[in-house]
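Colleague: Below are the sequence and a predicted model for it; my questions follow.
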Amino acid sequence: MATNIFFNSGKENVENFVAEEFPNFPSKLLAQLINFCSSISFYEEEGVKLMPTILFTNKIDTLVRNVKNSAKQQIFLDENENMFRSHMKSLVPFSSHKWNIYVQVNSNGSFEYGIYRSFNSIKEYNFNTNMFLNDDLKTKTNIVFAFTVQALSSTNINFKSLKGKEMNLNFSLEGKKLLNFNEEISEFIDASFSKLKTTKKKLNDIKTLYQNTFENCFRSIHGCICVVVDKDYVDTSFFADGIWLDHPIEFSKLFMQSNSYNETKLASYSELFMDMLNYDGITIVDNKGRIRAYNVFVESDASKESMIIGGARKRAAFTVINSKVKKIVGVYFQSQEGEIFYNRNRNYCKRKTRNLKTIQPTLTIENIEKN
């Protein structure tokens, strides 16, 4: 007789999360959501993988009013939750153009479904980031309830509430834990602009543009490696197999030429950067925020990297991390499965001794009760 194994701890913790963050959340809708979690990460539209975000709230209009330059579009209005899965299938494709899905629980027991987004500059935060940072909304969490459910990878789903609670749910049998994307990307971005001299405001604008670019990469491309080198780095042979730009692309100049900026040019260069990251191989930037090269390959030492679990991209990343080339600052790595990390090069400038990060504890199905 076969043994049946269930991920009950994950189900229980989702139920507890929703009960704490959204009082009186309809039990039948919760059952629909839990059932939907196992498939949210597997949507594709014409061969393009989609990673949607779903916002559950009781006051979508209040949220939209409090997040500048934003809008929502109602699509469906139902008397019950029976059409939840069908509506999700209809709405998920809109995520390919940065629209998110919302589900509003109305006081009369009906349900409103639609899409929402901000129309901010590429150098400004998106709707969800601004929503969670909004001080006015934080004072209303006793009457305004909201939490997002976002696919992070094929096996990981993130829950985040307006009250500030966050939980990662992992369906992988390997028991992997996710690194915190915002923390990893923040460390990478700080390294990428550590030697850029400009005003605080312009530096913040450039860093936000970088973060938005990599958030888009995380949601839309299959994986990448981006290496940060020192501004004075001159390659001799380590990165010889690649395309080096005679005139590096400088994001800072797009902001620094005048007090104004060209939004279309910013967006176009951000898309160009994403295309380079999406190429096979490594993209190289320096710590003045310049794109120096792309489609770069390094030869991995199979004997030294034999303990690394992963494919060629991950072995290449650790080849760079472990290299003795001193003007290599660090490596940002993103896998197709959603694993991410930023690690400093072991030999970069008097680096303080510490263990390389691989996995940061978050809540997985296996250890969720322990945390």
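Modeller: In hand now; what should we look at? Residues are numbered from 1 along each chain as shown.

Colleague: V149 is in what secondary structure piece?
Modeller: Using DSSP states H and E, V149 sits in strand 146-151.

Colleague: Residues in contact with that strand: which ones?
Modeller: Counting by Cβ atoms under 8 Å, 6 or more residues apart in numbering, strand 146-151 makes contact with 17-18, 21-22, 33, 37, 40-41, 51-59, 63, 100, 128, 131, 157-162, all of which sit outside it. To be clear about C-beta, it is placed using only N, CA and C from the backbone, and glycine gets the same treatment.

Colleague: how many other residues sit next to the closest residue to N130 other than its chain neighbours?
Modeller: Closest residue to N130 in three dimensions, ignoring its sequence neighbours and counting by Cβ to Cβ, 6 or more residues apart in numbering: V67, at 4.8 Å. One way to gauge burial is a neighbour count; for V67, by other Cβ atoms under 10 Å, it gives 24.

Colleague: quick revisit: I'd like the average pLDDT over the strand holding V149.
Modeller: Strand 146-151 shows a mean pLDDT of 93 in the predicted model.

Colleague: what is the mean pLDDT for whatever helix or strand comes next after that strand?
Modeller: Using DSSP H and E, the helix or strand that directly follows strand 146-151 along the chain is strand 156-161. Here the mean pLDDT over strand 156-161 is 90, rounded to a whole number.

Colleague: and what of stretch 287-304?
Modeller: Rounded to a whole number, the mean pLDDT of stretch 287-304 is 85.

Colleague: in the stretch 51-200 of the chain, what spans have low per-residue confidence?
Modeller: Within the stretch 51-200 of the chain, the ranges that satisfy pLDDT under 70 run 172-181.

Colleague: just the helices in it please.
Modeller: Using DSSP state H, counting those that start in this stretch, the helices assigned to the stretch 51-200 of the chain run over residues 60-66, 84-91, 127-133, 135-138, 181-192, 200-220.

Colleague: can you list these in JSON lines and add distance to N347 and mean neighbour count?
Modeller: Below are the helices of the stretch 51-200 of the chain laid out as JSON lines (distance: least, Cβ to Cβ, whole Å; neighbours: other Cβ atoms under 10 Å):
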{"stretch": "helix 60-66", "distance to N347": "48", "mean neighbour count": "17"}
{"stretch": "helix 84-91", "distance to N347": "49", "mean neighbour count": "16"}
{"stretch": "helix 127-133", "distance to N347": "35", "mean neighbour count": "19"}
{"stretch": "helix 135-138", "distance to N347": "43", "mean neighbour count": "12"}
{"stretch": "helix 181-192", "distance to N347": "15", "mean neighbour count": "18"}
{"stretch": "helix 200-220", "distance to N347": "25", "mean neighbour count": "18"}
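
Colleague: Nearest approach to V331 belongs to which of the ones you listed?
Modeller: helix 181-192 (8.7 Å; Cβ to Cβ).

Colleague: The closest one versus helix 200-220: what angle between them?
Modeller: An angle of 130 degrees separates the directions of helix 181-192 and helix 200-220 when computed by axes from the mean of the first three to the mean of the last three Cα atoms, to 10 degrees.

Colleague: for stretch 267-280, which positions count as buried?
Modeller: Along stretch 267-280, the positions that meet the burial threshold by neighbour count (16 or more other Cβ atoms under 10 Å) are A267, Y269, S270, F273, M274, M276, L277.

Colleague: hang on, isn't the residue nearest to N130 packed against D136?
Modeller: No - under the criterion of Cβ atoms under 8 Å, V67 lies out of contact with D136, with a separation of 10.2 Å.

Colleague: ok, now how distant is the residue positioned nearest the centre of the chain from E184?
Modeller: Taking Cα atoms, centre = their mean as the criterion, E215 is the residue nearest the geometric centre of the chain, at 4.4 Å. Relative to E184, E215 is positioned 12 Å away (criterion: Cβ to Cβ, to the nearest Å).

Colleague: I'd like the distance between K160 and L133.
Modeller: K160 sits 12 Å away from L133 when distances are taken as Cβ to Cβ.

Colleague: Over to S38?
Modeller: For S38, the distance to L133 under the criterion Cβ to Cβ works out to 31 Å.

Colleague: what touches both of E215 and E184?
Modeller: If you check E215 and E184 against Cβ under 8 Å, 6+ apart, no residue is contacted by both.

Colleague: How many residues are close by I122?
Modeller: 20.

Colleague: ok, it - contacts?
Modeller: With contact set as Cβ under 8 Å, 6+ apart, I122 has these partners: L209, N212, T213, E263, L266, A267, S270.
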